Structure formats: structure tokens, C-alpha cells
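In: starting from these lines, generate the structure:
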Amino acid sequence: MYFRLNLNLKLIQYNLIFNKFVSRLEGNEMVRTFIILILMLYSCSGTGVDPNPEPSDPRARPSFRFDAARNHFLLKPWNYDTPENSQKNYPLVIFLHGMGGAGDISYLNFLGYDKDDGVDDTVALGFQKRYPAFVLVPQTNGEWDNSKLIEEGEFIKKTYRVDTKRIYLIGYSMGGSGSYSFANAWYDYNQHLFAGIIRLVGQSQTVVRDSIAKRTAIWLHVGLLDLPLRVNVVRSAYNFLKDYNTGAVETVKDTTVSGYPAKIYTLTIDKDERIKMTEYGNAGHGILNVPFRDNHSIDWLFRHTL
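Out: Presented below is the predicted three-dimensional model:
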């Protein structure tokens, strides 16, 4: 539904933009249609969205399953087990929760969680259709243990058909700090690289390995009413990436995100908006869902690959 709507909107947009140009080609309606279709396909290829989505049988819709032995929740991609997809690899998203967040994933509708109440959550449904992917949500009652996280990541890679060039990491609060620690530890273990990281606050960890700083897309988020320590940590993390990528072009944009005034800093490298930081005015620590109230952040994440 979301994909068809987006395509229809893009079709209208491209018709308006190029109508004057192609109208000069009298009798060449086929040329105009061809130009519009090419632009639509190009747009889809830049968002990480499958330009040819598969039919999704509601009866076969997957849901998160808890593995008590491994202490994690896992969502499989829609249509993963169909015979026609037996050779297809899928992206993997790993989400690290904050302190005290174990056992509850009800807030993760932006990653496909839907309550089992007979009513579809449109955000969750949209994610599952738009981004067929594994979503792994490890659990901990204390601090994150990198050795266990690496073990879980390697287990998922070996057990399922994972596209190893499209493994993503999202972390909030303790998981925000943990995202950097985990990324560094996994790289040290076997040179694993995430294609993209979305880090939401965190009060430690500002440095990543050189290869991560060079190749991994990273988007940092912080509310300016959070503790000054956390704000400074996120800014230091951004400045580290800025200092490392000396050839990047920086732009700054004042905007509004989910009702909050926001300032977005972007470092563009080889025409790719690879490094970003968003500071939210009038927001404190509880910004977990703020960046995901539309598809922009997830689109940005999924369009990156190694």
C-alpha cells in the first residue's frame, strides 16, 4: 500500500516536472513514459526499497518470536520461507535497548512489532512490506556484553540467509553507547562492518575504528534538553567523524522533526550523505521513536550497503 502510494505520488511529480520538456516531443508519448519510468526506478534504487515488492499473504505474515535459550527476539522477513526465495539473502537490523528495557519490545513498531490484537499497526505493517529484513533484538538485564552480541550476530549470519553487506545497527541510550562499543568489538573480532548505524544518545563511546569511520554510514541523534554529558558525547562522536573524513562537505539545516525544532548536520562524501547528526530542541532523553515517525531515517539506513 505504502509502496504503491509512493510510486503514484512520484509519477505525478515527475509528470509535472518534465511535462513542459517532453511536450516538445510531439507524438512521442512513449518517450515521456519511458523517461518517467526510468526516474521512478532510479528513485526506488536510492531508498533501499525493493522496486518490485512481492505479494504479501496476510496469513503468512511473520511476527517477533522470543528465543528463551538465546535471550533474543527475532523477526524474519515476509516471504522468507517461500520456495521462490530460497536463494535470496536479506538485510539484518540489530536493535540494542536501553537500561531497564529488557522484556518489552512493544515500542518497536517502526521495526515491525505489531500487537497480537487482531488490528494491524500500520507503521509495523508498512515496515514489513517496505523493508523485508531480519530484525534481531537481544536482551540484557545489565550492561551489554560484546562477546554475547558477537555470538548472536554470528549465529544469525550462519543460521539464516543474511546479506552480509547490509547489516545495520540501531541503539538507544545504553544501547546508543553500546552500538559503538559493539561495532568496535565485532570489527576487532573478524573485521565485521555494519553498513549503517543509527545511534540515539548514549553517555559514553565517541570513537570508532578507522574502517568504520571510513565505510559505515552513521546517524547520531540527541535531545538538547538531555544531560549536558550526553549532548557533549554525541557532539564529540560527530566531531570525531568530521575530523576523520576531512574531504567531506558539511551542510547544516534547520527543520522540524515530529513536531520538534531540529538542526541536522550532514557530512556528504562522494555524493553520499554518509554522516549525520540531528539535535532536537525542546526534547530530552526520550527521543527513541522521534526519528522514526516517518520513513526518512529508515530509508536512509536501508539505502546504504558496503
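In: which residues of the stretch 51-200 of the chain fall in strands?
Out: Remark: strands assigned in the stretch 51-200 of the chain by DSSP state E, counting those that start in this stretch are 65-67, 72-75, 90-96, 134-138, 162-172, 196-200.
In: and those strands as CSV, adding mean pLDDT?
Out: Below are the strands of the stretch 51-200 of the chain laid out as CSV (pLDDT from 0 to 100):
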stretch, mean pLDDT
strand 65-67, 96
strand 72-75, 98
strand 90-96, 98
strand 134-138, 98
strand 162-172, 98
strand 196-200, 98
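In: can I get the ones you listed in JSON lines with mean neighbour count?
Out: C-betas here are computed from N, CA, C, even on glycine. Output for the strands of the stretch 51-200 of the chain, formatted as JSON lines (neighbours: other C-beta atoms under 10 Å):
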{"stretch": "strand 65-67", "mean neighbour count": "12"}
{"stretch": "strand 72-75", "mean neighbour count": "22"}
{"stretch": "strand 90-96", "mean neighbour count": "24"}
{"stretch": "strand 134-138", "mean neighbour count": "24"}
{"stretch": "strand 162-172", "mean neighbour count": "22"}
{"stretch": "strand 196-200", "mean neighbour count": "25"}
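In: output these as CSV; include the columns distance to Glu250.
Out: Formatted as CSV, the strands of the stretch 51-200 of the chain follow (distance: least, C-beta to C-beta, whole Å):
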stretch, distance to Glu250
strand 65-67, 43
strand 72-75, 36
strand 90-96, 28
strand 134-138, 32
strand 162-172, 24
strand 196-200, 19
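In: which one, of these, ends up nearest to Asn239?
Out: Checking those against Asn239 by C-beta to C-beta gives strand 196-200 as the closest, at 14.2 Å.
In: helix or strand right after the closest one?
Out: helix 210-215 (DSSP states H and E).
In: in that following helix, which residues are buried?
Out: Buried residues in helix 210-215, defined by neighbour count with 16 or more other C-beta atoms under 10 Å: Ile212, Ala213.
In: take the helix or strand just after that helix, keep the C-alpha atoms, and write them as PDB.
Out: Counting by DSSP H and E, the next helix or strand C-terminal to helix 210-215 is strand 217-223. Taking C-alpha atoms only, strand 217-223 is exported to PDB below (Å, rounded to 0.1, in the frame of the first residue of the first chain):
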ATOM      1  CA  ALA A 217      27.100   5.300   7.500                       C
ATOM      2  CA  ILE A 218      26.300   6.800  10.900                       C
ATOM      3  CA  TRP A 219      23.400   9.000  12.100                       C
ATOM      4  CA  LEU A 220      23.600  10.400  15.600                       C
ATOM      5  CA  HIS A 221      20.600  11.800  17.500                       C
ATOM      6  CA  VAL A 222      20.300  13.700  20.700                       C
ATOM      7  CA  GLY A 223      17.800  15.900  22.500                       C
END
